[in-house]
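Participant: sequence first, then the predicted structure, then my questions.
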Amino acid sequence: MDRAQATVIVVGVAWLSLYATLLSYSRDMPELARFVGEVLYLVPIIACVCLGVRAATRTSGRVRVAWRLLVVSNALWLLGEVIWAVYSYTSPAGPPVPSAADAAYLASYAVALPAIVVGLGLGVVGRGQGLLDALLVAAGAGAIGWQMIIAPLVPHDWTAAALVTFLYPVFSVSVVSILVAVMLSGSQYVPRSMIIVGAAFGLAAITDGTYAYLTAVREYESWSWVNLGWQIEAVLLCLAAVTAARRREGDEAGVPDPDLTFLPAVVAVLAVGGLALADLLLVGRLSEVTLAVIMLLLLGLLVRQVVATRDRTRLTQRLRTAAITDPLTGLHNRRFFEEMLDLEADRAVRRSAPLSLVLIDLDHFKEINDTYGHSTGDAVLTEVAQRLRRSFRAGDLLCRYGGEEFLCLLPGTGGRDALDLAERVRQGLCGTPVSVLGSEDRISLTASLGVATAEPGSGRADIDRLINDADQAVYRAKALGRDRVVGSGRYAAPELDNALPLPPPLVWLADRVDRAVGEREHSAAVARWALRTAARLGLDDAAQRRTAAAARVHDIGRIATVARPGGPGPHDGDRGHPEEGARLLAELADLPELAPLVAAHHEWYDGSGFPRGSAGGDIPIEARIIAVCDAWARLRNAALAVGEPAVAGSREELLAGRGSRFDPAVVDAFLELVAEGVVDEPAPLPLGRPVVSGRRTP
């Protein structure tokens, strides 16, 4: 409570005390009593109209609408009182019944009803159960009001005067019924000013009932103590207006209070019991009106229970959906996936059916967040989820496994079919760049996919092992250049199984070096070709693994020049990087078997290379293979950079070094693979560099 509200309370109490004193003092002075009852009586009503206008201008939302209606209602009330005062002074017999004053009073009530509904319970209309609760409470309160207040005042002769007099308690009971209904059935948040308004109208209802009773038994006088009730109503409305204006009340989020949801039913039951008891005590039987009200309330309770059950079922379903759904992509979440994976593993055993997993990991996704921001990253994940939905089948279970990882369960799908499906998914995912909102840039996506399969006849699938196999397959896919599908177990491609696993940080370092010197992949392509060339030359499995692994990290020694201000060029002349790379592998990565191969990959077959000038057979065969593949990668990247996709020029340059720079046997084996189409082109570096109008920008 602030100073303005406290001031209204103090002034209001002082005014009510003064008014009560004047009423008592003027009982034997007709003129003074008339002045007090007709003129001074208007002061708080005028004040509440003026303060209501201020409240209507300083509030917002539904509260503003309610106060605008209240201003109209209070203005009609003031108009009625002014007309009554004029009649009192100009007509010796007093105001006729009915009169224009009565029309203004009743119109004031008619406007007050929607003001209460809007200010207190507009949200009830939007909820089925809330609306039923409001109707139940209104019916119960109205029935009690009828039995206790209205029924005793029903006139025997329905004259115009009797009708008008009868309408006052009817409107009062209606206001109170709606007031109780919306407060018990609305939302948890109720504007404070509207609570005070409700109290004012509740008091007015009691005062109107008293007025109706007095007019029924004797003539109403200006000095009547009933006036004090309406004066208190006006003071409360003044306080409500100041509260609304000072707090600048408006719409606020409100939720049904679960602790109050039982009250509407309680009110209805009490109303039924109260009406029945009153009838039995007063007339000795249940009246037709009471029976009708009881039937309506019981029917309302039944309908409410049906609606409550339906709403509870819908809420349970929404909560269940929220619990198993990833909020960003709309896919199932990891928790639900793991539950379903257990069920599908049991089902696969019963049906003797295979069970496959596909793990999808977006390549270089962190660079999207770093370059464009997390909002763009979220948009990319959403687009990826949509593409994956279109690529997988209806019976497959797709989830967001975490971060930029997605996992799909393929019930009844064997390893070969799972690999084929994963490749189609990869092509569908990476075929079209993703547009960046508010920019002309388009992000080219690639992904590494790992496939794991539990074959029928081997017992229940080990869930953890199945997921781990798919995860390891993804690691191998990334180590071999990303943007590919890799299987596990007997479905792994032989050349990929033979690749020596490398620590992910080391692969990341190799990729960072490649990104610093070019726009297309280098070490990843060299690793692919070196693996195939080693197999063509008949090297054993161990040698093939060493060759591919060394090729994947052969340029990591360039990290010193990459970090140098200005960065390296594509041919920066750094003759120390082979030995630096060998040192990193031996001392930091604990891979001493790869160090000699990286150290020698720039030795020439005729002995004129570096760093040691080794020649011929003194150069490890793995290093000779890497030298040819490394040179081809540089030739192809240079040719593609100037728009020359033909390989003839690159082939001629490679042949020009045959016997001098390169081992002739390695060159011949490699060119055979080129002729067979086994050697693919270096792919554009995925992500991190935007694609604008179909062309990559540096």
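Facilitator: That came through fine.

Participant: am I right that Glu603 is in a helix?
Facilitator: No. Looking at Glu603 with DSSP: H, G, I helix; E, B strand; the rest coil, it is coil, so not inside a helix.

Participant: look up phi and psi at Leu537.
Facilitator: Phi and psi for Leu537, reported as degrees, to the nearest 10, are phi -80, psi 0.

Participant: give me the pLDDT value at it.
Facilitator: Looking at Leu537, its pLDDT is 90.

Participant: cool, and Asp540?
Facilitator: pLDDT at Asp540 comes out at 81.

Participant: same thing with the one 5 residues further on?
Facilitator: Among the per-residue scores, Arg545 shows a pLDDT of 81.

Participant: what is the burial count for it?
Facilitator: 21 (other C-beta atoms under 10 Å). In short, each C-beta sits where N, CA and C put it, glycine included.

Participant: any idea which element it lies in?
Facilitator: helix 541-552 (DSSP states H and E).

Participant: buried ones in that helix?
Facilitator: Ala543, Gln544, Arg545, Arg546, Thr547, Ala548, Ala549, Ala550, Ala551, Arg552 (16 or more other C-beta atoms under 10 Å).

Participant: Thr453 touches Ala473, doesn't it?
Facilitator: No. Assessed by C-beta atoms under 8 Å, Thr453 is found out of contact with Ala473, at 10.5 Å.

Participant: any residues in contact with both of those two?
Facilitator: Gly487, Ser488 (C-beta atoms under 8 Å, 6 or more residues apart in numbering).

Participant: quick one on the thing from earlier: okay, the buried residues of helix 541-552 in JSON lines with distance to Ile195 next?
Facilitator: Output for the buried residues of helix 541-552, formatted as JSON lines (distance: C-beta to C-beta, whole Å):
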{"residue": "Ala543", "distance to Ile195": "85"}
{"residue": "Gln544", "distance to Ile195": "82"}
{"residue": "Arg545", "distance to Ile195": "78"}
{"residue": "Arg546", "distance to Ile195": "81"}
{"residue": "Thr547", "distance to Ile195": "82"}
{"residue": "Ala548", "distance to Ile195": "77"}
{"residue": "Ala549", "distance to Ile195": "75"}
{"residue": "Ala550", "distance to Ile195": "79"}
{"residue": "Ala551", "distance to Ile195": "78"}
{"residue": "Arg552", "distance to Ile195": "73"}
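
Participant: most widely separated two among the residues you listed?
Facilitator: Ala543 and Arg552 (15.0 Å; C-beta to C-beta).

Participant: the stretch 501-650 of the chain: helices as residue ranges?
Facilitator: Assigned by DSSP state H, counting those that start in this stretch, the stretch 501-650 of the chain shows helices spanning 504-517, 523-536, 541-552, 559-562, 577-583, 595-599, 621-641, 648-656.

Participant: export those to a markdown table and tack on distance to Tyr211?
Facilitator: What follows is the helices of the stretch 501-650 of the chain, written out as a markdown table (distance: least, C-beta to C-beta, whole Å):
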| stretch | distance to Tyr211 |
| --- | --- |
| helix 504-517 | 86 |
| helix 523-536 | 93 |
| helix 541-552 | 96 |
| helix 559-562 | 93 |
| helix 577-583 | 101 |
| helix 595-599 | 103 |
| helix 621-641 | 96 |
| helix 648-656 | 106 |
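
Participant: rank these by pLDDT, which is bottom?
Facilitator: For the helices of the stretch 501-650 of the chain, the weakest mean pLDDT is recorded on helix 559-562, namely a mean of 66.

Participant: using CSV, list the CA coordinates for whichever helix or strand Leu381 is part of.
Facilitator: Element membership for Leu381 (DSSP H and E) is helix 374-391. Only the C-alpha atoms of helix 374-391 are listed here, as CSV (Å, rounded to 0.1, in the frame of the first residue of the first chain):
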residue,chain,number,x,y,z
HIS,A,374,23.5,-20.0,-31.9
SER,A,375,20.1,-18.9,-33.3
THR,A,376,21.3,-19.8,-36.8
GLY,A,377,22.7,-23.1,-35.3
ASP,A,378,19.3,-23.9,-33.9
ALA,A,379,17.7,-23.1,-37.3
VAL,A,380,20.2,-25.5,-39.0
LEU,A,381,19.4,-28.2,-36.5
THR,A,382,15.6,-27.8,-37.1
GLU,A,383,16.2,-28.0,-40.9
VAL,A,384,18.4,-31.1,-40.4
ALA,A,385,15.6,-32.7,-38.4
GLN,A,386,13.1,-32.1,-41.2
ARG,A,387,15.4,-33.5,-43.8
LEU,A,388,16.0,-36.6,-41.7
ARG,A,389,12.3,-37.1,-41.2
ARG,A,390,11.8,-37.1,-45.0
SER,A,391,14.7,-39.5,-45.5
